[in-house]
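Novice: From the sequence below, what's the structure:
(2 chains)
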Amino acid sequence: RKEVEQDPGPFNVPEGATVAFNCTYSNSASQSFFWYRQDCRKEPKLLMSVYSSGNEDGRFTAQLNRASQYISLLIRDSKLSDSATYLCVVNPGAPLGTYKYIFGTGTRLKVLA
Amino acid sequence: DAGVTQSPTHLIKTRGQQVTLRCSPKSGHDTVSWYQQALGQGPQFIFQYYEEEERQRGNFPDRFSGHQFPNYSSELNVNALLLGDSALYLCASSFGTGYEQYFGPGTRLTVT
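Specialist: Next comes the predicted model:
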């Protein structure tokens, strides 16, 4: 089983739609979780950190479900500019003696006019 | 406030050669991590440097080595290049561990 798994997509949605991505992780003791956005041939850019209580930033909402070991990203009112690959990232954390980010393969989103 | 910078932007090498990639972290950051991203894949962790020491290493052979300087900048060296080393090499900086990492624009390495 991969440490972090995502549906690669692509998800093709019309402008204005709501779309959700899930990401599962295998290490139940993982500490930190993030969503990054990556445009074609560019570097990943931090979209949101994911907190236990969930968090929202404008049209974006992230949730963490520790019991089922997944995180989610919800995008409301999709814009053409949201088209990108969304990378799920898990950091098991210093208590487990690991500092690395573990990336999923990414989910491709294409918002259609 | 300058973000993470990397050089060079692109590089073409032949098999068996050696390459050095450079990274300057974001101002105020003291930790540098290196990642390799093959086409269509997520970035894979190579290693992390903190206080000029390699703190953790991913599943990469010893051909991959690095260094961190007192000003927190870092280098990634790859010896005896293979075709499979062709990828985007990303540097990320953070303040300490467990905090958000910020990525540089990457160096695209092509091995022919």
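Novice: give me the residue from chain A nearest chain B.
Specialist: Residue nearest to chain B within chain A: A:F103 (3.3 Å; C-beta to the nearest C-beta). (Each C-beta comes from the backbone N, C-alpha and C, glycine too.)
Novice: if I pick that residue, what's in contact with it?
Specialist: Listed by C-beta atoms under 8 Å, 6 or more residues apart in numbering or on different chains, the contact set of A:F103 reads A:V4, A:Y36, A:L87, A:C88, A:V89, B:Y35, B:G42, B:P43, B:Q44.
Novice: give me that answer again for 10 Å
Specialist: A:3-4, A:6, A:34, A:36, A:38, A:44, A:87-90, B:35, B:37, B:41-45 (C-beta atoms under 10 Å, 6 or more residues apart in numbering or on different chains).
Novice: Check B:H10 too.
Specialist: By C-beta under 10 Å, 6+ apart, B:H10 lies in contact with B:G106, B:T107, B:R108, B:L109, B:T110.
Novice: Distance of it relative to B:T110?
Specialist: When distance is defined by C-beta to C-beta, to the nearest Å, B:H10 is 8 Å away from B:T110.
Novice: Of the contacts of A:F103, which belong to strands?
Specialist: Counted as lying in strands by DSSP state E, out of the contacts of A:F103, are A:4, A:6, A:34, A:36, A:38, A:87-90, B:35, B:37, B:44-45.
Novice: So which residues of chain A form strands?
Specialist: For chain A, applying DSSP E gives strands covering A:4-6, A:11-14, A:19-25, A:32-38, A:45-50, A:55-57, A:60-65, A:70-75, A:84-91, A:102-103, A:107-112.
Novice: is the fourth one anywhere near chain B?
Specialist: Same thing as strand A:32-38. Yes. Shown here: strand A:32-38 in contact with chain B (C-beta under 10 Å from any C-beta of the partner chain) through A:S32, A:F34, A:Y36, A:Q38.
Novice: Tell me which of those residues has the lowest pLDDT.
Specialist: Ranked by pLDDT, the residues of strand A:32-38 next to chain B bottom out at A:S32, which scores 87.
Novice: what's the burial count for it?
Specialist: Applying other C-beta atoms under 10 Å in any protein chain shown, we find 18 residues neighbouring A:S32.
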